[in-house]
Structure formats: C-alpha cells, structure tokens
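K.L.:
just the structure for this:
(3 chains)
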Amino acid sequence: MTNWKRRHILSLADFTPDEYNTVLKTAASFREVLSRKTKKVPTLQGLVVANLFFEASTRTRNSFELAAKRLSADILNFAPGTSSLSKGETILDTAKTYWAMGTDLMVIRHQEAGVPGAIAQALDHLGAKVSILNAGDGQHEHPSQALLDLFTICSLLDPVNPRWELLQGKKVAIVGDILHSRVARSNLWSLLSSGAEVHLAAPPTLLPQLFSNWGKDTHPQGKLVLHWELPPALEGADFVMTLRLQTERMRAHLLPSLREYHQNFGLTHDRLQLCQPQVKVLHPGPVNRGVEISSELMDDPAFSLIPAQVTSGIAVRMALLYLVGVGNQPLN
Amino acid sequence: MTNWKRRHILSLADFTPDEYNTVLKTAASFREVLSRKTKKVPTLQGLVVANLFFEASTRTRNSFELAAKRLSADILNFAPGTSSLSKGETILDTAKTYWAMGTDLMVIRHQEAGVPGAIAQALDHLGAKVSILNAGDGQHEHPSQALLDLFTICSLLDPVNPRWELLQGKKVAIVGDILHSRVARSNLWSLLSSGAEVHLAAPPTLLPQLFSNWGKDTHPQGKLVLHWELPPALEGADFVMTLRLQTERMRAHLLPSLREYHQNFGLTHDRLQLCQPQVKVLHPGPVNRGVEISSELMDDPAFSLIPAQVTSGIAVRMALLYLVGVGNQPLN
Amino acid sequence: MTNWKRRHILSLADFTPDEYNTVLKTAASFREVLSRKTKKVPTLQGLVVANLFFEASTRTRNSFELAAKRLSADILNFAPGTSSLSKGETILDTAKTYWAMGTDLMVIRHQEAGVPGAIAQALDHLGAKVSILNAGDGQHEHPSQALLDLFTICSLLDPVNPRWELLQGKKVAIVGDILHSRVARSNLWSLLSSGAEVHLAAPPTLLPQLFSNWGKDTHPQGKLVLHWELPPALEGADFVMTLRLQTERMRAHLLPSLREYHQNFGLTHDRLQLCQPQVKVLHPGPVNRGVEISSELMDDPAFSLIPAQVTSGIAVRMALLYLVGVGNQPLN
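P.N.:
As a prediction, the model looks like this:
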C-alpha cells in the first residue's frame, strides 16, 4: 500500500523528499476521513500504542491519543507521577516492559535529548518490532510538530495536493527562543531541505551566532539568515513561526522582561505590515498571549494558522502512526 | 428522532417542562439498554467527548466517561495537574485547542461559576458546532446532578413512565450547606418549576434570608419555605435531599463543629419519623458518614436512594450526551 | 464453557489443583489470541472493568488494562490523587459507587492487607454480582503475579500444555525480602501445593524463623526450607525467584547497605553456577539493577524470564478477567 521503510520517527535530519511527501499525502487522505460523520477507520485495530510521556504534556499526548483512537488502536498511558520510575527502574526497562506487554508503537516524550533514539536503538538490538515516535526530546527534536506545521502550510498553498515542493522560494521567519527550541530544530530540517528561505530572529542570548552554520553540511542547498532584531526577518515573509517563550528564561537572565521581549519580538498586526499581504502566523502552543504574539493577532483568522495547526496535528499523527504501524504488522 | 434544540446544558434556570420530560424519557430508554447483557449502543460512534475537569473529580468524571463509552464515543481526558494551564495558557485557549482537535462535546467542571457558559458563548461566537455540558461550576449549577436526582425520584414514583408532573404537590426538603451548593441551586430550578413544595433547612450562616426570594421572578408558581432548624422541614416530607458538608466551612467559622451539625441537621432513622412513612433520602455524594446522615440510615435500602442516584447518573448522562450529540451531528 | 465457580480472586491460599489448571489452560488459549494479527476478542464487550488502585502502580494497572481492552471490556480508572478519598469518603463507599455505576469487575490494589477481601465480602452481602480481583494488598497477597509466574514456568516446561503438575519435584528458590513480600506469599501457596521444593533465602531480618511453619496446616504435602544465606538455596535449583528490595528497608535498619545486600544475596552469572545448568531467573519488577540481580544477568535471555513474565501477565490477566467475568454475565 505504501513503500514506507522507516521504522522509527525520531528526527527530521535525514528525512527524504519522498518521505516528506508521503507524510503529506497520507495526512491529506486522513483529513478526508476526519470530515466524515464517522471519523474512525479500523486500520490499526488490535495494535497497542503506548504513550510514554516522561515529561508531562496534555496537548501533544491527547493529539496522539485521539489520532490512535481514530485508527482504532488500543492505548496505554504511562503516568510519570505514579510510575515505577520513582521506584528506581530505568527508562529503558520501562520501555522494555511495555514492549513485553505487547506494545506495537511507543510515543515517547522526555526532557532529555536523545532518549527516544536510545530506546529505539536498544529495542532494535533486541529484535523488537516496535516503532518509536519521538514526541519531543529535550532541546533536540519534535518531528511530529514540524510535520504538522509543514502540512498546515502546504495545505494552505494547495489544499487538494499539499506537497513539500510548494515551499520552494517562500520566505519563512522563525521568531523567538530558538536556542532552546526542539520545534525550531525540527522545522529547520524540513524548511531547509524544501528550498524555503529561512530567517531566524531572536535576541542574541537566544540565537547564538553558531546557528548560522546549521545544516551547512547536510542541507547545502538550504538558505538560512540570522537576525538579532525582528524587522528584517519579517520583511516580505510569507510565513512567520513564533516560538513559545518559557518564562524560566527570565529567571536565567537570558531576557530582561516579558514586556520588553514583546516590544522587540512580539508579533502584532502592525509589525506584520512588513510581510507579504497574505502572510500567515504559526505557533506550536500553548501561547503566552501578549508575549510572543498579541491577543488580537492570535484570534484573527485572517492571519492566524494556530487552530489549523491543532487540526492538522490529528491528521499528521494519524499518518505517522499509520505509516510505521502498518509497516510493522505481520501479514496474517 | 427528537425535537431537542438546546446545544449546551449549562443551567436548569430556563429549562422547559418539555425539556425535563425529554431528558426523563430518554434516560428511561437508556436504562433499558443498561439492563441488557451488552450495555452499549453505537449512537455516538466516531464522536469525541472531552472531559475538561479543571476542578478534580473522580465520581462525576467517571460517570460521564462511562456514559460516553456506552454510547461508543471516544473520550479525551484533560488532566489539570499536568496541563498547559501551568504553562500559562488561558482556559478558553485550552477549550479552543480541544475544539480544533475535533472534539464534539465538552464536559466541563471548573471551580469558578460561569466558566462553562463563557466557553460555550465564545465557541458559539466562533461558529463552532461544539456542545458544552456543565459538570459543576463553582457555586452556580450542576445540572446533570439535579437531572439525575429528578430521574431517581420520578422513576420511583412511576418506574415505567417517569415524568416531571409526578412531583406536583410533593414535599421535598433540602438540608445542609445551601449557600455554597451548586447541587441545591440546580435542584431548586427543577423542583420549583415542577410544582413541588420545597423546604430548605440549614443553620442561618448557610442559609441566608435572601434565599426566600429564589425564583420569585422566573418561577412564580414555585413554593419555597426556609427553616433554620430541621424538624419543620422534615414534617410530612416525601423526599429529603441532604447536601455534602465541606469541612472547610468549619475553618471559615460558619459552623461550630461536625458533632453539633450532626446533632442539629444530620439525618437519622429517628428524625425521619417526622416524614411520610415512605420517605426517601438522597445525597449527591461523597457522603461524610455520621455528619450529614447517620451511617445506619445511609446503608438502609428502605430509605436511601443514594445507590439509585449513582445508577441513574449513567442513564441521565447518556441521555444528555445523546440529546446534544445527535443534534450536533451532520446528516451524512 | 467452563466450570469456574469462584467469583473473586483474592488469595491463592485455597486454590484447588483444578483451578490452577483452568487458569493455565485458559491463559494458554489467550496466548494464542495474542499471536494473531488482531489481538482482540469480543468476549467481555459491554462489561465494565474498574481499576481501583488506591496504591499507585503503572505496571500492574496497565497490564490489567490491556488485558481488559483485548477482551473488549470498557475500563474506568480510579485516580487516587484526585479522588473522593481526599474528601473523606470511605474505601467501601467508593467501591459501592463503582458498583452502582454498573461496574462488573473491580481490580483493586491497596496498601493495607485485606481491603479487597473486605470489599468483596461487603458487596456479596449486598447481593452485588461484582467480581473483585486482588491486584496486591499490603503484605498479604498478589495472586495474579503468582499465577503469571506459574504460567511462565509451566509454559517453559511444556509450551503446548502448561500444567501445574509439571512443578512436582522442581527446586524453586525465592530470594530476598520475603517478610514484606505479597508476591512471595502468593507464590508460596501455588508452589507448596504443586509439590515443588521451595527454598527461601534472605537475611534473618527479612526472613523470620516463623516462616518455616508456612502452610504446615493447609499444605502438609509442601516442602519448605529456610536459609539465611544464598548458596544452599541455589544449589541444584531449577528456578530462582528474586524479590524487589524496597529501599525503605535500609532506612528501617533491616539491612546494612545495598552494596552488602548485593554481595550476599544478589544474583549473578557466577552464583548461578550452583544451580541446574538450565536454571531460569524470575523477578516481579521493577528491578533495582545491581541490587537484587546483576545488570548482565537480567539482560541475558539464556537465564532471564523477566520479559516472559510481563508477556505472560497479559494472557493470565485476560484468563482471570474472562473466568470471573463470564461467570458473572446474565444469560441474555
């Protein structure tokens, strides 16, 4: 049915154009399912999806959970607060336990970079036919978020046939705490490889100079420009991605104040006048209203793609679960 | 199938006789389903019910959850402790996120009065076809509890055809912390409109004089009497509803002691001798045994409707989810 | 379909040979289901399983939950942190509430010995047709764990036809904190009754002399030997069960240090040379690596049955839910 080969979805660093387009195409077909009265398909019936969220999350966990339910999978939720971790079990032993229970797909979020990848490697080594989906690991990657951003943008550019090539030549600005953002990193891979022109904007404490070398080796065709102020990043932009500002950054003295941050890097209707007239704004959520973006702009359907991103999340996560899940199923 | 028009169930203040009877009739038909071997119907298959319990609750959440499962809906649970709220997201943004994910019905509990209503208004304004069910908001209302109380009482009066008119002329006493009780408020609406004679009994600190004006404007046919002691409220009563006493009230100096409260307002077999011989006792749970009601009375099936209330809860919540859920479904 | 008579599974103290073999046989048939592409059967469709875990647990709760899902039951989870217990409701009232909601099977874990049994007795007294499965109560019993251990061992001895008699004459060592272990107690019942030779090994603070009388009255055929050092217990052993060491034991001065404990009672490849060459090691999990067992031994598939135990857990718990659940169903 599909020629998908990748067992785990851990990072977008080595995603191929074919893979991006297969995800987009599959998500588009699930979006069609979601427009029906009965929004379920029996595709993954009898398979078990375990949500191992070592780092708490409601939004992403519920999005994966609903995607799995709409594919008729069974779901196990791992609750970190009440878990064996407090009893001294290692993370890998927890994952092996879920594997031994019969889990087919594990959706893993962890505060440390590399944990989903390490679990995938260990389970592969044991011959387990389990797929790992990285739902965010430290400051490393958040592939499903970047793929839903991609799907949201490409669906806007061509609702019938969203495809990766549509991004070629578009100017995309990414604004905010790039240094600490796994969302930014995953998006950089998909954007750089698609031929978009990527402009990063943030205060220097959140955007070190070394980011200018990002992807030089692996994505030499990528176009990346750094700015320590907002206006040049916005100028003529087709899409602006804002990132969530962790308020912890204030306490770490990386930023003076939320008010000053908003004054310099917050998106408003006024600021968007520098962009293309059709410019759209994205945010991975949850939003600090009045910090990364003004409340008015966030709620303006003429500019904000934020609800569309959430909706896309279900279709894209259904696509990811489907692509790795069907690949793993024995042909009975 | 039904001429139900109301999209949200937020309050009983403006419920019509027809609406009360439609809920009772629908609940009676689901009670029949619950007596079968396979207690499920496919009515809401493919629909998503999100339980947004900003205030923690196991009993009410599980009751709505089981009702939704028996209608074959998919369920998302919002866990306040691990949520985006701690990340600064507004309540309304949380609700909008669940809407964007594809939620069809939201069951909302919040410690502040008016939150479910405000969310309903905002989503209506956005053109969302989402139904909100108030599962308790501050000291405002708890409509599904009052409706299950109504169903429990009317089913006792006529098991085959429970209907709202049966309450006419019955004497119903409501005893306890009326001032702070959303259960009492919702029950007052259904009882006053049904033509029952309602007697409130509590210490003056928990039952201010102003309650005597309750419903004067909207339910002029209602009969409401206040008592600052228990016996006159019980005299000749057909039904006695006791309310849960929050132990916090002691600390706020609204009550001298639990022992004294029980002595003056606690229900016992002895006290019930003032009532009709067939009198029945209700309590929304969880019960403080030996405070609102004696342990012996609570466990006496000749008087206690408490287990029947819990059972009614499933049928009534199935009815509510069905009535608003079927109304919202596109005709495919 | 089966002649199973027991409504509750609370303890293995009075399990009969027939009952052990019915569980083993039923679990074997579900293991076959779990090897299919679609690992679900509709057996318990429409029935409700409530997980009442007053003591937190992820592993056992998820195992029961997945077992119930694969039988197509509906599941309610009771979350102790957010529950009515903090509101002063008694445990029994909580159980009665779940019964009144329509729960068919309750899986109960509690930190106090006897709670599941007390609930079962009270519900029986009320005429409730509810089954209670003890998922661990204090230091009393953990029957499903001992039954999955039995199934794991017997399946190794005869994969096609695992049966209780296979244990006759086998030497089984149980090592570790026997005094505080409900797993050890439940395993003692099944092992003593099967005719295995059971050797207990632990420091004297964790293995009082009185254990030598264990089962003397009820299982006079049982062979039980106590050791306050490890080597004689391992000598010629066919199976070694290690128990989790609660680190709280150190603080209670029952043990000098984890390092010394491992030196004296920890299992290693070296130590196993005293056993039969085909010896296998079991552990109920979660494991403290390097304490009860060396990390290398735990990960060595030639010796470790630990993943097999987790896998057996699903089949055995499906069997238990099936046996008591089908017995409770009205013949529609």
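K.L.:
okay, helices next: where are they in the stretch 51-200 of chain A?
P.N.:
A:59-70, A:91-101, A:115-125, A:143-157, A:182-194 (DSSP state H, counting those that start in this stretch).
K.L.:
okay, the angle between the last one and helix A:143-157?
P.N.:
Between helix A:182-194 and helix A:143-157, the angle formed by their directions is 50 degrees, by axes from the mean of the first three to the mean of the last three Cα atoms, to 10 degrees.
K.L.:
and B:Met298, which of the helices of the stretch 51-200 of chain A is closest to it?
P.N.:
For the helices of the stretch 51-200 of chain A, proximity to B:Met298 was assessed by Cβ to Cβ; helix A:59-70 is nearest, at 37.9 Å. In this view, the C-beta of every residue, glycine as well, is placed from N, C-alpha and C.
K.L.:
could you give the mean pLDDT of that closest one?
P.N.:
Mean per-residue pLDDT for helix A:59-70: 96.
K.L.:
which residues of the stretch 151-300 of chain A score low on pLDDT?
P.N.:
A:249-250 (pLDDT under 70).
K.L.:
centroid-nearest residue for chain A?
P.N.:
A:Gln145 (1.3 Å; Cα atoms, centre = their mean).
K.L.:
that residue contacts A:Ser186, correct?
P.N.:
Yes: A:Gln145 is in contact with A:Ser186 according to Cβ atoms under 8 Å; the separation is 6.3 Å.
K.L.:
count of neighbours near A:Glu296?
P.N.:
Neighbourhood size, A:Glu296 [other Cβ atoms under 10 Å in any protein chain shown]: 12.
K.L.:
where does the stretch 1-150 of chain A have low pLDDT?
P.N.:
Checking the stretch 1-150 of chain A against pLDDT under 70 turns up A:1-2, A:80-88.
K.L.:
ranges for the strands of it?
P.N.:
A:48-53, A:74-78, A:105-110, A:131-137 (DSSP state E, counting those that start in this stretch).
K.L.:
tabulate those in CSV, adding columns for distance to B:Leu258.
P.N.:
Listed next are the strands of the stretch 1-150 of chain A as CSV, based on distance: least, Cβ to Cβ, whole Å:
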stretch, distance to B:Leu258
strand A:48-53, 41
strand A:74-78, 38
strand A:105-110, 45
strand A:131-137, 48
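K.L.:
any chance of these in a markdown table, plus mean neighbour count and distance to chain B?
P.N.:
Formatted as a markdown table, the strands of the stretch 1-150 of chain A follow (neighbours: other Cβ atoms under 10 Å in any protein chain shown; distance: least, Cβ to the nearest Cβ, whole Å):
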| stretch | mean neighbour count | distance to chain B |
| --- | --- | --- |
| strand A:48-53 | 24 | 8 |
| strand A:74-78 | 21 | 9 |
| strand A:105-110 | 26 | 11 |
| strand A:131-137 | 26 | 13 |
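K.L.:
now for those, which one comes closest to B:Glu141?
P.N.:
strand A:74-78 (31.2 Å).
K.L.:
packing partners of that closest one?
P.N.:
For strand A:74-78, the elements it packs on are strand A:48-53, helix A:59-70, helix A:91-101, helix C:59-70, judged by 3 or more Cβ pairs under 8 Å, 6 or more residues apart in numbering or on different chains; DSSP states H and E.
K.L.:
C:Glu32 is nearest to which of the ones you listed?
P.N.:
C:Glu32 lies closest to helix C:59-70 among those, at 12.4 Å (Cβ to Cβ).
K.L.:
and the closest one with chain B, contact?
P.N.:
No: on the criterion Cβ under 8 Å from any Cβ of the partner chain, helix C:59-70 is out of touch with chain B, staying 11.8 Å away.
K.L.:
now what about that helix, what contacts it?
P.N.:
Residues from elsewhere that reach helix C:59-70 (Cβ atoms under 8 Å, 6 or more residues apart in numbering or on different chains): A:48, A:74, A:76, A:78, A:84, A:97-98, A:101-102, C:30, C:33-34, C:39-41, C:44, C:49, C:51, C:53, C:75, C:77, C:105, C:107, C:109, C:133, C:135-136, C:144-145, C:285-286, C:310, C:313-315, C:317-318, C:320-321.
K.L.:
one more pass at 7 Å, please.
P.N.:
Contacts to helix C:59-70, defined as Cβ atoms under 7 Å, 6 or more residues apart in numbering or on different chains, come from residues A:48, A:74, A:76, A:84, A:97, A:101-102, C:39-41, C:49, C:51, C:53, C:75, C:107, C:109, C:135-136, C:285-286, C:313-314, C:317-318, C:321.
K.L.:
what do you get for stretch A:101-111?
P.N.:
A:47-55, A:57, A:60, A:64, A:76, A:95, A:98, A:115-116, A:119, A:130-138, A:321, A:324-325, A:328, C:34, C:39, C:62-63, C:66, C:310-311, C:314.
K.L.:
let's see the distance spanning it from one end to the other.
P.N.:
Its start and end residues considered, stretch A:101-111 measures 25 Å (Cα to Cα, to the nearest Å).
K.L.:
centre of the chain to that stretch, how far?
P.N.:
17 Å (Cα atoms, centre = their mean, to the nearest Å).
K.L.:
repeat for stretch A:137-152
P.N.:
Stretch A:137-152 sits 2 Å away from the centroid of its parent chain (Cα atoms, centre = their mean).
K.L.:
which positions within that stretch qualify as buried?
P.N.:
For stretch A:137-152, burial by neighbour count (16 or more other Cβ atoms under 10 Å in any protein chain shown) applies to A:137-152.
K.L.:
which residues touch the spatially closest residue to A:Gly176 that is not a sequence neighbour?
P.N.:
Among residues not flanking A:Gly176 along the chain, A:Leu243 sits closest, at 3.4 Å (Cβ to Cβ, 6 or more residues apart in numbering or on different chains). Listed by Cβ under 7 Å, 6+ apart, the contact partners of A:Leu243 are A:174-178, A:181, A:183-184, A:292.
K.L.:
out of these, which comes closest to chain B?
P.N.:
A:Glu292 (10.9 Å; Cβ to the nearest Cβ).
K.L.:
ok, that closest one touching A:Met241?
P.N.:
No: using Cβ atoms under 7 Å, A:Glu292 makes no contact with A:Met241, being 10.3 Å away.
K.L.:
those two: who's more crowded?
P.N.:
More crowded of A:Glu292 and A:Met241, by other Cβ under 10 Å: A:Met241, with 27 against 23.
K.L.:
quick check: longest helix in chain A by residues?
P.N.:
Ordering each helix of chain A by length in residues (DSSP state H) puts helix A:306-328 first.
K.L.:
wait, does that one make contact with chain C?
P.N.:
No: in terms of Cβ under 7 Å from any Cβ of the partner chain, no part of helix A:306-328 sits within range of chain C; the closest distance is 11.0 Å.
K.L.:
tell me the buried residues in that helix?
P.N.:
In helix A:306-328, counting by 16+ other Cβ under 10 Å, buried: A:306-325, A:327.
K.L.:
which secondary structure elements does that helix sit against?
P.N.:
Packing partners of helix A:306-328 (3 or more Cβ pairs under 7 Å, 6 or more residues apart in numbering or on different chains; DSSP states H and E): helix A:17-34, helix A:59-70, strand A:105-110, strand A:131-137, helix A:143-157, helix B:91-101.
K.L.:
can we see that at 6 Å?
P.N.:
helix A:17-34, helix A:59-70, helix A:143-157, helix B:91-101 (3 or more Cβ pairs under 6 Å, 6 or more residues apart in numbering or on different chains; DSSP states H and E).
K.L.:
hmm, A:Glu235 is touching A:Leu274, no?
P.N.:
Yes: between A:Glu235 and A:Leu274 there is a contact under Cβ atoms under 6 Å: 5.0 Å.
K.L.:
tell me which of the two has more neighbours.
P.N.:
Between A:Glu235 and A:Leu274, counting by other Cβ under 10 Å, A:Leu274 is the more crowded of the two (17 against 14).
K.L.:
against chain B, how distant is that one?
P.N.:
Look at A:Leu274 and chain B: by Cβ to the nearest Cβ, to the nearest Å, they are 27 Å apart.
K.L.:
enumerate every residue touching that residue.
P.N.:
A:231, A:234-235 (Cβ atoms under 6 Å, 6 or more residues apart in numbering or on different chains).
K.L.:
now do the residue of the stretch 151-300 of chain A found nearest chain B: how many residues are near it, please.
P.N.:
Across the stretch 151-300 of chain A, the shortest distance to chain B (Cβ to the nearest Cβ) belongs to A:Pro286, at 3.5 Å. A:Pro286 is flanked by 20 other residues according to other Cβ under 10 Å.
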